[in-house]
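Peer 1: Have a look at this prediction, sequence included:
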Amino acid sequence: MKAKVRALTRLGQKEFIHRFSSLNREMAVWSIATSKLRSTEVLLAGVHLPSKSGGAKDTDQASIAREVVEELNDVEDRHNHRSTVVVGDFNMHPYDAGMTSVTSFHGLMTKDLAGLPDRLHRRQPRRRFYNPMWGLFGDRTPGPSGSYYWRASVLHNPYWGMLDQVLLRPMLINSLGALHILDHDGNHTLVGPDGAPDKKHISDHLPILFRLDI
């Protein structure tokens, strides 16, 4: 099966190591260990999850998210730490059940909420993620109002969506530096005259740039 997630890196083979790919290739996990890191190791998970345009319902997405998170938890347990970042095209908004549910990504919008101890649900501890992408919604922040724009004349359409996201485990919250949705690649604009992604250029999604000081 063709990989849905790939990584490009300038790190060496011993510094950036592939550790896991999910059964349907929706997630890949790499470990990063370099002398420049203050922590021993960081796990980087890339995801590309099924979309509603492909026929997936909210319940389908939440179910797949739950399975992906369980696999990621297993990887963390094998490495005996939770220095984990998840980034990619979730094909869900930050407020969708697959992103917020305690049995799925459990991605929370504030540092205080995400920094609380594991939540106990059905006698099982449920790990939390911090989702800083909430803070980039709308036109009161620098840059585009979201990472995806949906042109459709349906009754319920928020137009701007945040399908592309980065999630951090609590121990990495304070390491997050820059976080931007890019509308320019340094040479060319990535958006059209209306400010929405110009899919004729590269993609109908806008890229995310973030920096971790770890």
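Peer 2: Done, it's in.

Peer 1: Only the buried residues of stretch 21-33, if you could.
Peer 2: Neighbour counts over stretch 21-33 (16 or more other CB atoms under 10 Å) mark Ser21, Ser22, Glu26, Met27, Ala28, Val29, Trp30, Ser31, Ile32 as buried. The way it works is simple: take the backbone N, C-alpha and C, and place the C-beta from them, glycine included.

Peer 1: Which residue is the nearest non-sequential neighbour of the last one?
Peer 2: In space, not counting the residues next to it along the chain, Ile32 is nearest to Val42; the distance is 4.6 Å by CB to CB, 6 or more residues apart in numbering.

Peer 1: what number of residues lie near the one you found?
Peer 2: Here the count is done by other CB atoms under 10 Å, and Val42 has 21 residues near it.

Peer 1: Provide a list of residues in contact with it.
Peer 2: Contacts for Val42 (CB atoms under 8 Å, 6 or more residues apart in numbering) come out as Ser31, Ile32, Ala33, Ser83, Thr84, Val85, Leu172, Leu212, Ile214.

Peer 1: can you tell me how far the last one sits from Val166?
Peer 2: In this case it means Ile214. 14 Å (CB to CB, to the nearest Å).

Peer 1: Doesn't Val87 belong to a helix?
Peer 2: No: counting by DSSP: H, G, I helix; E, B strand; the rest coil, Val87 is not part of a helix but strand.

Peer 1: ok, it - how many residues close by?
Peer 2: 17.

Peer 1: just Arg38 next, same as before
Peer 2: By other CB under 10 Å, neighbour count at Arg38 equals 7.

Peer 1: Might you report the residue contacts of it?
Peer 2: Contacts for Arg38 (CB under 8 Å, 6+ apart) come out as Ile214.

Peer 1: can you map out the helices along the protein?
Peer 2: 58-79, 97-100, 111-114 (DSSP state H).
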